[in-house]
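Asker: Give me a model of this one.
(2 chains)
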Amino acid sequence: MRTPRTLEPSPPRWWFVFPRPSVGRLRLTAGGAIGLIIIAMILLAGICAPLVGRHGPVEQDLLRRLQPPAWANGTMSYPLGTDSLGRDMLSRLLYGARISLAIGVSTVLIAGTIGLLLGLVAGYRGAWVESLIMRLTDIQLSVPFLIVAIALVSIFGAGLGKMILVLVLFGWVEYCRIIHAEVLSHREREFVAAARAIGCSNARILFLHILPNVVSSVIVVATLQVGRMILAEASLSFLGLGIQPPQPAWGTMVADGRDLLDSAWWISTLPGLAILMTVLGINFFGDWLRDVLDPTLRTA
Amino acid sequence: MTNYIVRRLAHVFLTVLAVSMLVFVLLQLSGDPATALLPMEATAADVANLRAELGLNRPLPEQYLLFLGRAIHGDFGFSYRHREGAMSIVIERMPATLKLAGAALLVSLVLAIPLGMLGAWRRGSWIDQAAMMVAVTGQSMPTFWMGLMLILIVAVTFRWLPASGGGDARSLILPAVTLGANMAGITARLLRSSLLEVLSKDYIRVARAKGLVERAVLSHHALRNAALPVVTMIGLQLAYLLAGAIVVETVFAYPGMGLLVIQAITAHDFPVVQAFVLVFTTMIVLVNLVVDLLYTRLDPRIAY
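Answerer: Numbers count the residues shown, from 1 in each chain, chains lettered A, B, ... in the order given. All right, here's what the predicted structure looks like:
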């Protein structure tokens, strides 16, 4: 027997999960365009790192240490100068882009997935599951991530894996809280009641009916979080709690040049500028994305 | 209200307890203190004796309670480096860090209020765009790098202010500006959007209609009402301000808790790190509590 067509749940369409803003709203503003250009440049820098530098990022040449950049009486062999071990600044900066982007994107993906799932479950199931997860986020929020990073690193030593763990541990909360609030507002809406009435399973309701409605806020939060993760990684690496030398992480490079500020300013200045540009680009892009996808998130 | 305070205090207690558990677990994972305390040639029997003496052979939950008991009395053992109680070393540094955080908060408000008001006052104009550009840049700048650049420009090149140390008020200026500028970006943007929302309200139209100059409308009618979300955000940011102080203190060799803990980590001085983590967390949780209670003063409509 055929059931009436109108009662059938809509067939799963994967593209439905992704918001499709109308062409009019997609108009690129100056900020969004600047952000996109910067992000594209940093991506390109990371991809082309092996092609551009004539010297490897950890290749030392003690005879050519502390060479100034080309425009400040340096040579074209080292366009951005060398550091205290005679390593090519240009090459290190380009490889540093890879590290920053990889850590920024991977931590956001992991934290976003965890936060999204926990937020969906907390909002949809309610009861003790909800209070447990939400109390966890409360506790998490009252302890700054730097403190936990300090505790962990003091015992286990610094390293890439531990740093990612710390960043993820603190990244998920933001998604969890936003998704939780959104699910609460959607849970009682008619389309969810309708889906339940025609016998959709909980998983189906959650992932095919509720998720598409919250996904745009997740994308906005995630974009802006990439910038904050890159800043956090750089801070940890600067303090010696993150990526260890000789890896060319931007934060570590700034720390390298600290004691040489008065004689070799470029060692600290250039990697810091790279961090600033990257985060600035991501923030510009993220702000534009928020205005396009989800103006309700506009608070700060 | 009483009910609310009791609930919040319970939350404070739970958070500190959770952190103490974390500290204890980390301590357990850091290796056996008995082998670390004894000389290399100690026999297995010596180690066993010392373990019994220190209570290390008791079950873990019991050990945790003992640890908690000592922690309540502020006893975290002796710093390996300073031959002094770890707790007293940390507490000693607290005023310096609080002074830095306070000064930074002041700097951030001095920067953020004019920026946010400018943006809202000339919405959409180049002034607005420039003000917000400055704000986003402040938000995107790594604090440690900004600190180094200030040292490079202000202290090394022009020799206006000392590059490091925490002696007098002059040496507080650069660290406070560094820490404050970062927060100013977020505050300015929030103040702008909050002002824009308030400016669309009817009582603002009334104020304008009765002929008030724009400056009075903005500063008397709008700013006061736009302040609440900003104060909320500042309260939330205080925890990050304190954490940010750790980074800034390291950059400027400013003698606060942050510099102390970073040095303790490098020297594997675990008791100091533990004491720091617990003191710092308690401080932050209490600050959050005070901020929440302050809202009722600022906005009588809020009641817990």
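Asker: give the contact list for the residue nearest to the spatial centre of chain B.
Answerer: Closest residue to the average C-alpha location of chain B: residue B:242 at 1.4 Å, with Cα atoms, centre = their mean. Contacts here follow Cβ atoms under 8 Å, 6 or more residues apart in numbering or on different chains; on that basis residue B:242 touches A:144, B:97, B:101, B:280, B:283-284, B:287. Heads up, the C-betas are built off the backbone N, CA and C, glycines and all.
Asker: Swap in 10 Å and give it another go.
Answerer: If a contact means Cβ atoms under 10 Å, 6 or more residues apart in numbering or on different chains, then residue B:242 has A:144, A:146-147, B:97-98, B:100-101, B:104, B:179, B:256-258, B:280, B:283-284, B:287 as its contacts.
Asker: Give the buried residues for the helix or strand it falls within.
Answerer: Using DSSP states H and E, the element containing residue B:242 is helix B:223-252. Neighbour counts over helix B:223-252 (16 or more other Cβ atoms under 10 Å in any protein chain shown) mark B:223, B:225-230, B:232-235, B:237-252 as buried.
Asker: same question, stretch B:18-30
Answerer: B:18-20, B:22-24, B:26-28, B:30.
Asker: so, in contact with chain B or not, stretch A:248-265?
Answerer: Yes - interface with chain B: stretch A:248-265 contributes A:250-251, A:254-255, A:257-258, A:261-263, A:265 (Cβ under 10 Å from any Cβ of the partner chain).
Asker: What is the distance between that stretch and the centre of its chain?
Answerer: 24 Å (Cα atoms, centre = their mean, to the nearest Å).
Asker: pLDDT score assigned to the residue in chain B that chain A sits nearest to?
Answerer: Closest residue of chain B to chain A, Cβ to the nearest Cβ: residue B:145 (3.2 Å). Here, the pLDDT recorded for residue B:145 equals 92.
Asker: my guess is it contacts residue A:268, does it?
Answerer: Yes - under the criterion of Cβ atoms under 10 Å, residue B:145 makes contact with residue A:268 at 7.2 Å.
Asker: buried sites along stretch B:43-57?
Answerer: Applying 16+ other Cβ under 10 Å to stretch B:43-57 flags B:47, B:50-51 as buried.
Asker: Repeat that for stretch B:93-107.
Answerer: Result for stretch B:93-107 [16+ other Cβ under 10 Å]: buried residues B:93, B:96-101, B:103-105, B:107.
Asker: Equivalent analysis for stretch B:8-17, please.
Answerer: B:8, B:11-12, B:15-16.
Asker: out of those, who's near chain A?
Answerer: Near chain A, by the rule Cβ under 10 Å from any Cβ, you find B:11-12, B:15-16 out of the buried residues of stretch B:8-17.
Asker: May I ask which two of those residues are separated the most?
Answerer: Farthest pair in these (Cβ to Cβ) is B:11 and B:16. Separation: 9.7 Å.
Asker: In the stretch 1-150 of chain A, where is pLDDT below threshold?
Answerer: A:1-26, A:53 (pLDDT under 70).
Asker: Can you name the residues that contact the residue of it found nearest chain B?
Answerer: Across the stretch 1-150 of chain A, the shortest distance to chain B (Cβ to the nearest Cβ) belongs to residue A:144, at 3.6 Å. The contact partners of residue A:144, by Cβ under 10 Å, 6+ apart, come to A:150, A:170, B:239-244, B:246, B:280-281, B:284.
Asker: Output those residues as TSV; include the columns distance to residue A:36.
Answerer: Shown next, in TSV, are those (distance: Cβ to Cβ, whole Å):
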residue	distance to residue A:36
A:150	36
A:170	28
B:239	33
B:240	28
B:241	32
B:242	35
B:243	31
B:244	29
B:246	34
B:280	39
B:281	40
B:284	37
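Asker: Distance check, the residue positioned nearest the centre of chain A against residue A:164.
Answerer: Centroid check for chain A by Cα atoms, centre = their mean gives residue A:226 as the closest residue, at 1.8 Å. The gap separating residue A:226 from residue A:164 is 14 Å, by Cβ to Cβ, to the nearest Å.
Asker: overlap in contacts of these two?
Answerer: Both residue A:226 and residue A:164 are in contact with A:103, A:107, where contact means Cβ under 10 Å, 6+ apart.
Asker: Show me chain B divided up by domain.
Answerer: Domains of chain B are assigned by automatic domain parsing as B:2-86, B:88-298.
Asker: how far does the shortest one sit from the chain's center?
Answerer: Once both centres are worked out by Cα atoms, centre = their mean, domain B:2-86 turns out to sit 25 Å from its chain's centre.
Asker: What is the end-to-end distance of that domain?
Answerer: 36 Å (Cα to Cα, to the nearest Å).
Asker: where's residue B:47 relative to residue A:107, distance?
Answerer: For residue B:47, the distance to residue A:107 - Cβ to Cβ - is 41 Å.
Asker: Contact partners for residue 230?
Answerer: As the question left the chain open, I've gone with chain A. A:42, A:99-101, A:103-105, A:107-108, A:250-251, A:275, A:278-279, A:282, B:140, B:142.
Asker: please go with chain B instead
Answerer: With Cβ under 10 Å, 6+ apart, residue B:230 has these contacts: A:300, B:109, B:112-113, B:116, B:186-188, B:190-195, B:223.
Asker: Ok, residue A:289 next?
Answerer: Neighbouring residues of residue A:289 by Cβ under 10 Å, 6+ apart: A:21, A:32, A:35, A:216, A:219-220, A:222-224, A:297.
Asker: Give me the distance between it and residue B:278.
Answerer: Residue A:289 is 40 Å from residue B:278, by Cβ to Cβ.
Asker: Check residue A:227 too.
Answerer: Distance of residue A:227 to residue B:278, computed by Cβ to Cβ: 31 Å.
Asker: Pull the number of nearby residues for residue B:164.
Answerer: Look at residue B:164: counted by other Cβ atoms under 10 Å in any protein chain shown, it has 15 neighbours.
Asker: Repeat that for residue B:65.
Answerer: 11.
Asker: What residues does it make contact with?
Answerer: Residue B:65 touches residue B:58, counting by Cβ under 10 Å, 6+ apart.
Asker: Kindly provide the whole-number mean pLDDT of the helix or strand containing it.
Answerer: Applying DSSP H and E as the criterion places residue B:65 in helix B:60-72. Helix B:60-72 shows a mean pLDDT of 79.
Asker: Okay, helices next: where are they in chain B?
Answerer: Counting by DSSP state H, one finds helices in chain B at the ranges B:2-29, B:33-37, B:44-54, B:60-72, B:86-121, B:126-140, B:143-150, B:170-199, B:202-209, B:214-216, B:223-252, B:257-266, B:270-298.
Asker: And the residue of chain A closest to chain B?
Answerer: Residue of chain A nearest chain B, by Cβ to the nearest Cβ: residue A:272 (3.2 Å).
Asker: on contacts alone, who are the packing partners of the longest helix along chain A?
Answerer: In chain A, assigned by DSSP H, the helix with the most residues is helix A:89-125. Packing partners of helix A:89-125 (3 or more Cβ pairs under 10 Å, 6 or more residues apart in numbering or on different chains; DSSP states H and E): helix A:30-52, helix A:127-142, helix A:160-187, helix A:202-204, helix A:211-239, helix A:250-256, helix A:266-293.
Asker: now with 6 Å?
Answerer: Secondary-structure packing of helix A:89-125 (3 or more Cβ pairs under 6 Å, 6 or more residues apart in numbering or on different chains; DSSP states H and E): helix A:30-52, helix A:127-142, helix A:160-187, helix A:211-239.
Asker: looking at those, which is buried most?
Answerer: helix A:211-239 (a mean of 23; mean count of other Cβ atoms under 10 Å in any protein chain shown).
Asker: quick check: mean pLDDT across that helix?
Answerer: 88.
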